[in-house]
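Participant: Can you look at this prediction? I've put the sequence above it.
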Amino acid sequence: MGKLSIPILGFLLLFFAAAAGDTKKYLKYKDPKQPLGVRIKDLMSRMTLQEKIGQMVQVERSVATPDVMKKYFIGSVLSGGGSVPPKASAETWVKTVNDIQKGALSTRLGIPMIYGIDAVHGHNNVYKATIFPHNVGLGVTRDPQLIKRIGEATALEVRATGIPYVFAPCIAVCVDPRWGRCYESYSEDSRIVQALTEIIPGLQGDLPANSKKGVPFVAPGKTKVAACAKHYVGDGGTTRGINENNTVISLNGLLNIHMPAYFNAITKGVATVMVSYSSWNGKKMHANRDLVTGFLKNKMKFRGIVISDWQGIDRITSPPHANYSYSVEAGVSAGIDMVMVPYNFTEFIDDLTYQEHRELAREAVRKSLVLLKNGESADEPLLPLPKKAPKILVAGSHADNLGYQCGGWTITWQGLGGNDLTSGTTILSGISTAVDPSTEIIYSESPNADFVKANNFSYAIVVVGEPPYAEMAGDNLNLTIPEPGLSTITNVCGSVKCVVVIVSGRPLVIEPYLSRIDALVAAWLPGTEGQGVADVIFGDYGFTGKLPRTWFKTVDQLPMNVGDDHYDPLFPFGFGLTTEPAKSS
Ligand SMILES: *[C@@H]1O[C@H](CO)[C@@H](O)[C@H](O)[C@H]1NC(C)=O
Ligand SMILES: *[C@@H]1O[C@H](CO)[C@@H](O)[C@H](O)[C@H]1NC(C)=O
Ligand SMILES: *[C@@H]1O[C@H](CO)[C@@H](O)[C@H](O)[C@H]1NC(C)=O
Ligand SMILES: *[C@@H]1O[C@H](CO)[C@@H](O)[C@H](O)[C@H]1NC(C)=O
Ligand SMILES: *[C@@H]1O[C@H](CO)[C@@H](O)[C@H](O)[C@H]1NC(C)=O
């Protein structure tokens, strides 16, 4: 997953220029006189990961207590269909929204939340609000100016309840009236839908003359709201009009029928775009990176917020929520900036935090490896290994063992062997992901020499080391690699080009084996993200690590530290070969 992208902030800062309250201390991001870009940069530099993730979350009003807003740094709140405070008068609404806002403003950085609501034909969740005809009726008029005035009126009524954001307009082109939402579409003719996107400047205000295409605009003051063009894209084209189903159409068809109104909406500065539940040719839009990031953001240059639909992320899998971690990753990778969760926000936050943290751990693994030997001479390096090879061998007790990678103090005091102690990526599975799909991987924990000779392996990766331990259970006077580690090195190396990766809490006796080993890597105790090892041995990244302690030749030298008179190490303190990332991978 890439960096969290937060266009939300720019919009919020613009919108709530006056709302943020801390006058005691000058904070650049709170200063409306500063350029927006400067304010965003300042704010981003102050935010923790938790605060950034919180800004990506939109929760339902019923769970949005001030405490929740504060504790989880929630960025946005919505009212689901029919979710209204008791006696849904304008006054009750203002109080509801203000109470939630107080929670948001009481956070460390005081970033205001944005409240969104389905004001799809007037402010339809408020008692005594004006209810306008649904879009199909407005399509009849073919009158963009009338529709714009309706947008203006709706914006005023919505702002009067303290709400700055509406999930409208629906710019679906309904091609099949069997669809239950067909009345939310202005027309079957995309030209009419395009013309009636004029509701957007009605809701948000007219774009200033010097605006940059794609940059969202909501007029300052208290009369306008942010709009949301929805549902991107092809929502009105599903098979037999089945709601949220599959839109089967060529790219040309999609671009000619369902896409045009998005160009108009973006040109008019629409603040947000909501992703459609539907699929395009079998691919869920919520996981469609090509259309969300590739087309909407990169090609059409949309710079506002892409928001998911209600539990839209959950529905990436069938049945919904079958694999939520996968769905979170797929949705965020597709380019969704804000996720309408709407209830179980802790699950979303935990999942996203975990992934982001795993990326961090993987980076740490890459940077923690020390390359001790790389071929017989610098002219003939073995690493980085080619990803494409007919057949390779992965061997060793530590190749496919998460417990060994994690070492002691993991789940239990002494640590555990095996892969069921926690979740993560073993070095073997990191290798499997990294190599070319055509490369055959043979995995054998402790192969004998005949087996290795009988096979025509291009190269072998041997991963051996210490079992997990902690405190006194780890005291060891011989520091040898336990069997079958050593025999694995002997059986493999010599018969085939081999890289030995040592997984251990300290230097171990390796000198007697060094001549038959072609490349040697100290991986220490890397933890759950074994992919980081593959990242470097296959050259997606270079080796950079330097020994943090002396690698001895024999245990009778110990203790032996840098500066000692008898200093005669196998690899001195600070040693570490480097490699450049491979050109192509
Ligand atoms: C479309 O609807 C059919 C029938 O209900 C269902 O089996 C199928 O999974 C749906 N496809 C998608 C992409 O939602
Ligand atoms: C969920 O998806 C991930 C891929 O993102 C996969 O590694 C994992 O095995 C899946 N879990 C289940 C229970 O299917
Ligand atoms: C929220 O998700 C967590 C983790 O999947 C689950 O344990 C919990 O029951 C869920 N809570 C609700 C209210 O669905
Ligand atoms: C061994 O594999 C190489 C390619 O890696 C191939 O050129 C060679 O013919 C193979 N030898 C045997 C005996 O299969
Ligand atoms: C090395 O020491 C450890 C810990 O005392 C012991 O378990 C192991 O058997 C010893 N190995 C050898 C080869 O002596």
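Facilitator: Looks like it came in fine. Small disclaimer: the values here were computed from a predicted structure and weren't measured. Ligands and ions are numbered 1, 2, ... in the order given.

Participant: Regarding the nearest residue to residue 526 once chain neighbours are set aside, what is its secondary structure?
Facilitator: Nearest residue to residue 526, sequence neighbours excluded (Cβ to Cβ, 6 or more residues apart in numbering): residue 365, at 4.5 Å. (Each C-beta comes from the backbone N, C-alpha and C, glycine too.) The local conformation at residue 365, judged by DSSP: H, G, I helix; E, B strand; the rest coil, is helix.

Participant: pretty sure residue 365 contacts residue 537?
Facilitator: No: using Cβ atoms under 8 Å, residue 365 makes no contact with residue 537, being 11.4 Å away.

Participant: Doesn't residue 162 lie inside a helix?
Facilitator: No: using three-state DSSP, the assignment for residue 162 is coil, not a helix.

Participant: Just give the nearest non-adjacent residue to it, would you?
Facilitator: Closest to residue 162 by Cβ to Cβ, 6+ apart is residue 97, at 3.8 Å.

Participant: host element of whatever residue of the chain ends up closest to ligand 4?
Facilitator: Nearest to ligand 4, among the residues of the chain, is residue 456, at 3.6 Å (Cβ to the nearest ligand atom). When elements are assigned from DSSP states H and E, residue 456 belongs to no helix and no strand.

Participant: Which pLDDT value goes with the nearest residue to residue 83 once chain neighbours are set aside?
Facilitator: Using Cβ to Cβ, 6+ apart and skipping residues adjacent in sequence, the residue nearest residue 83 is residue 61, 5.5 Å away. Model confidence at residue 61, given as pLDDT, is 95.

Participant: tell me the contacts of residue 61?
Facilitator: 77, 78, 79, 80, 83, 85, 96, 100 (Cβ atoms under 8 Å, 6 or more residues apart in numbering).

Participant: again, 7 Å this time
Facilitator: 77, 78, 79, 83, 96 (Cβ atoms under 7 Å, 6 or more residues apart in numbering).

Participant: Please pick the buried ones from those residues.
Facilitator: 77, 78, 79, 96 (16 or more other Cβ atoms under 10 Å).

Participant: how many neighbours does the residue nearest to residue 256 when sequence neighbours are not counted have?
Facilitator: Sequence neighbours aside, residue 190 is the residue nearest to residue 256 in space, at 7.3 Å (criterion: Cβ to Cβ, 6+ apart). By other Cβ atoms under 10 Å, 20 other residues sit near residue 190.

Participant: go on, the one 4 residues further on?
Facilitator: By other Cβ under 10 Å, the residues close to residue 194 number 20.

Participant: With residue 144 instead?
Facilitator: 18.

Participant: Not counting sequence-adjacent ones, nearest residue to it?
Facilitator: Per Cβ to Cβ, 6+ apart, closest to residue 144 is residue 198, 3.7 Å.

Participant: what's the answer for residue 195, then?
Facilitator: residue 144 (5.0 Å).

Participant: cool, and residue 478?
Facilitator: That would be residue 555: by Cβ to Cβ, 6+ apart, it lies 6.2 Å from residue 478.

Participant: How about the contacts made by that neighbour?
Facilitator: 477, 478, 479, 509.

Participant: Weed out the non-buried ones from these.
Facilitator: Buried among these (16+ other Cβ under 10 Å): 479, 509.

Participant: how about the contacts of residue 555 in JSON lines, adding distance to residue 287?
Facilitator: Conversion of those to JSON lines gives the following (distance: Cβ to Cβ, whole Å):
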{"residue": "477", "distance to residue 287": "55"}
{"residue": "478", "distance to residue 287": "53"}
{"residue": "479", "distance to residue 287": "49"}
{"residue": "509", "distance to residue 287": "50"}
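
Participant: Now do the helices in the stretch 51-200 of the chain.
Facilitator: For the stretch 51-200 of the chain, helices defined by DSSP state H, counting those that start in this stretch occupy the ranges 66-72, 90-105, 135-141, 144-159, 190-195, 199-204.

Participant: and the stretch 201-350 of the chain, which of its residues are near ligand 1?
Facilitator: 242, 244, 245, 246, 279 (Cβ under 6 Å from any ligand atom).

Participant: For these, which single residue is the most surrounded?
Facilitator: residue 279 (21 neighbours).

Participant: Isn't that residue up against residue 246?
Facilitator: Yes: between residue 279 and residue 246 a contact is recorded at 4.5 Å, counting by Cβ atoms under 7 Å.

Participant: follow-up on the earlier one: and the residue of the chain closest to ligand 4, what does it touch?
Facilitator: Applying Cβ under 7 Å, 6+ apart, the residues near residue 456 are residue 391.

Participant: in this protein, what residue is nearest ligand 5?
Facilitator: For the chain, Cβ to the nearest ligand atom, closest residue to ligand 5: residue 478, 3.7 Å.

Participant: With distance to residue 110, secondary structure and pLDDT as added columns, please give the contacts of residue 555 in JSON lines.
Facilitator: JSON lines is the format used below for these (distance: Cβ to Cβ, whole Å; DSSP: H, G, I helix; E, B strand; the rest coil; pLDDT from 0 to 100):
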{"residue": "477", "distance to residue 110": "58", "secondary structure": "coil", "pLDDT": "95"}
{"residue": "478", "distance to residue 110": "59", "secondary structure": "coil", "pLDDT": "96"}
{"residue": "479", "distance to residue 110": "55", "secondary structure": "coil", "pLDDT": "97"}
{"residue": "509", "distance to residue 110": "58", "secondary structure": "coil", "pLDDT": "98"}
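
Participant: Turn the contacts of residue 555 into TSV, including distance to ligand 1.
Facilitator: Shown next, in TSV, are these (distance: Cβ to the nearest ligand atom, whole Å):
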residue	distance to ligand 1
477	64
478	61
479	58
509	59
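
Participant: Going by distance to residue 168, which of the contacts of residue 555 wins?
Facilitator: Nearest to residue 168 among these: residue 479, at 69.0 Å, using Cβ to Cβ.

Participant: In the protein, where is pLDDT below threshold?
Facilitator: When residues are selected by pLDDT under 70, those of the chain lie in 1-24, 584-585.

Participant: distance between the ends of stretch 432-442?
Facilitator: 10 Å (Cα to Cα, to the nearest Å).

Participant: Now that stretch: buried residues?
Facilitator: Neighbour-count burial for stretch 432-442, with 16+ other Cβ under 10 Å as criterion, is recorded at 432, 434, 435, 439.

Participant: what does stretch 90-107 give?
Facilitator: 90, 92, 93, 96, 97, 100, 101, 103, 104, 105, 107.

Participant: Next: stretch 471-487.
Facilitator: For stretch 471-487, burial by neighbour count (16+ other Cβ under 10 Å) applies to 474, 479, 481, 484, 485, 486.

Participant: Measure how buried residue 428 is and give me the count.
Facilitator: Residue 428: 24 neighbours (other Cβ under 10 Å).

Participant: returning to what we had before: nearest to residue 132, of the residues of the stretch 201-350 of the chain next to ligand 1?
Facilitator: residue 244 (25.4 Å).

Participant: can you list the residues of the chain near ligand 1?
Facilitator: So the chain meets ligand 1 at 242, 244, 245, 246, 279 (Cβ under 6 Å from any ligand atom).

Participant: Phi and psi next, for the fourth one.
Facilitator: The one in question is residue 246. Note on residue 246: backbone dihedrals following degrees, to the nearest 10 are phi -100, psi 130.

Participant: didn't it look like it was pressed against residue 237?
Facilitator: No: contact status for residue 246 versus residue 237: not in contact, 9.3 Å apart, counting by Cβ under 7 Å.
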